[in-house]
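Peer 1: 3D, please:
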Amino acid sequence: LAFGLGYATVGLTATALVVGHALSRTSFLLALLAATLALWGIALRRGRPGAHLRAVRDELAEDRVALAAGLIVLLAIAVVRLRSSPLLDFQMFGPWRYWADGLELADAGKVPRESLQWGELYTPAISKLVLNSFHAGSSYLLGRSPLPAMGALLWVASTGLAAGLWALGRELGLRVLAPLLPLLTLTLLNDELRR
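Peer 2: You can find the predicted model right below:
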């Protein structure tokens, strides 16, 4: 859940600033810091760190083989994706369009009145406002250059998907077979995920 909740925190923080016409590097970083501290405060009220560490230690002791298999698969996916070239993004227009939309929001600090797309001015679409706001905020942290930033975001998304699928397999009771869920998903689903 850390990957999904991290995306939601960054995306919704940036979206709130975009809607309030207040997005800037400083406002985003301060708002993200405040949201992160608030979430940590809530987490610490729900249980002490020592209790969480004991629970992790107990789980490791109970299911070493299954957890080791899952960590090996997760690490393998992370390393393979880390070695993937961001030049693969040249095969699709979507990542470029969304990154450009995010930079547009980052520059304007809000949704601009008009957007230059495909060589003409259009009223910006806001159907992907959280995604575009996420990219705007990410550009403050990762830089404006698309290839390194999209490569980093692809790595986080791929690793997060694999971790989420592994966790789902564990919750379904697959134990040692749970790591097969991300591998099968990446193998059997469409070409875009496999690439």
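Peer 1: residue contacts, A163?
Peer 2: Contacts of A163 were listed using Cβ atoms under 8 Å, 6 or more residues apart in numbering, and they are 2-3, 74, 182. Any C-beta I mention is one placed from the backbone N, CA and C, and that applies to glycine too.
Peer 1: Could you give me the ChimeraX syntax to select whichever of those residues are buried?
Peer 2: Buried members of the contacts of A163 can be picked out in ChimeraX with the line below, counting by 16 or more other Cβ atoms under 10 Å:
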select :3,74,182
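Peer 1: Spatially, which two of the contacts of A163 are the most separated?
Peer 2: The most widely separated members of the contacts of A163, counting by Cβ to Cβ, are A2 and P182 (15.6 Å).
Peer 1: ok now do I77, which residues does it touch?
Peer 2: Taking Cβ under 8 Å, 6+ apart as the definition of contact, the neighbours of I77 are 158-159, 162, 182-183, 186.
Peer 1: W118: what's it in contact with?
Peer 2: Applying Cβ under 8 Å, 6+ apart as the definition, W118 turns out to have no contact partners.
Peer 1: quick one: least confident helix or strand in this structure?
Peer 2: Between all helices and strands in the chain, the lowest mean by mean pLDDT, DSSP states H and E belongs to helix 191-194, at a mean of 60.
Peer 1: Give me the subset of the contacts of A163 that lies in helices.
Peer 2: In helices, defined here by DSSP state H, the members of the contacts of A163 are 2-3, 74, 182.
Peer 1: In terms of pLDDT, where does the residue at the greatest distance from the centre of the chain sit?
Peer 2: Distance from the centre of the chain peaks at E120, with 30.7 Å (Cα atoms, centre = their mean). According to the per-residue confidence, E120 scores 84 in pLDDT.
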